[in-house]
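Student: Here's my sequence, what's the structure:
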Amino acid sequence: MTSGMDEDSVKPVVWVGDVRKRVQLFPPKVRQDIGAALFDVQKGIKPPQAKPLKGVASGVLEIVTRFDTDTYRTVYAVQIGKRVYVLHALQKKAPQGRKTAKLDMEMIERRYKEAVAIEREKDL
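Tutor: As a prediction, the model looks like this:
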């Protein structure tokens with residue numbers, strides 16, 4: 001059985017900064033969930049655990065994964081060229097409440113700009 005997808009329709013992933021190393025430090029179950037969600041994103045499908053991240057730019061979303069008493073967030077951008085840019089990954093201790101910390105938002109904004117620059121250079 002085939003899904004009708006060819007390899008050209010799967011967008012490549014670009015890990016910006018140290019985000020890949022951060023994700024590798026997460027528990028195996030969390031990494032598996034993030035990997036499955038990112039693969040959906042690569043195929044153009046919005047994963048059920050993804051939601052828009054307000055305050056950065058259109059097309060920036062976060063994958064929210066809960067494990068034990070912790071919440072893990074992986075932030076990615078889909079509207080920069082034909083690639084998926086993973087901008088940041090973080091662990092929050094409290095599952096509810098407080099919005100994303102100011103330092104994390106600043107990191108996401110910086111990496112978003114970096115991703116836009118990477119995409120521009122690719123086209124030169």
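
Student: Would you tell me which helix is longest in the protein?
Tutor: Using DSSP state H, we find that the single longest helix of the chain is helix 102-123.

Student: Can you tell me what sits against that helix?
Tutor: Helix 102-123 has contacts (C-beta atoms under 8 Å, 6 or more residues apart in numbering) with 14, 16-17, 19, 53, 55-57, 60, 75, 77, 80-81, 83, 85, 87-88, 90, 100. Where you see a C-beta, it was placed from the backbone N, CA and C, and this is true even at glycine.

Student: Export only the CA atoms of it, formatted as CSV.
Tutor: Output in CSV follows, covering the C-alpha atoms of helix 102-123 (Å, rounded to 0.1, in the frame of the first residue of the first chain):
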residue,chain,number,x,y,z
LYS,A,102,10.7,36.4,27.5
LEU,A,103,14.3,35.0,26.9
ASP,A,104,12.8,32.0,25.0
MET,A,105,10.7,34.3,22.9
GLU,A,106,13.7,36.5,22.1
MET,A,107,15.7,33.3,21.1
ILE,A,108,12.8,32.2,18.8
GLU,A,109,12.6,35.7,17.2
ARG,A,110,16.4,35.7,16.6
ARG,A,111,16.3,32.2,15.1
TYR,A,112,13.4,33.1,12.9
LYS,A,113,15.4,36.0,11.4
GLU,A,114,18.3,33.6,11.0
ALA,A,115,16.1,31.1,9.2
VAL,A,116,14.9,33.9,6.8
ALA,A,117,18.5,34.8,6.1
ILE,A,118,19.5,31.2,5.5
GLU,A,119,16.6,30.9,3.0
ARG,A,120,17.6,34.1,1.2
GLU,A,121,21.2,32.9,0.9
LYS,A,122,20.0,29.6,-0.5
ASP,A,123,18.3,31.5,-3.4
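
Student: Quick one: buried ones out of the contacts of helix 102-123?
Tutor: Among these, those scoring as buried are 14, 16-17, 19, 53, 56, 60, 75, 77, 80-81, 83, 85, 87-88, 90, 100 (criterion: 16 or more other C-beta atoms under 10 Å).

Student: which outside residues touch stretch 66-74?
Tutor: Counting by C-beta under 8 Å, 6+ apart, 19, 23, 26-27, 29-30, 34, 37-38, 62-65, 86, 88-95, 100 sit against stretch 66-74.
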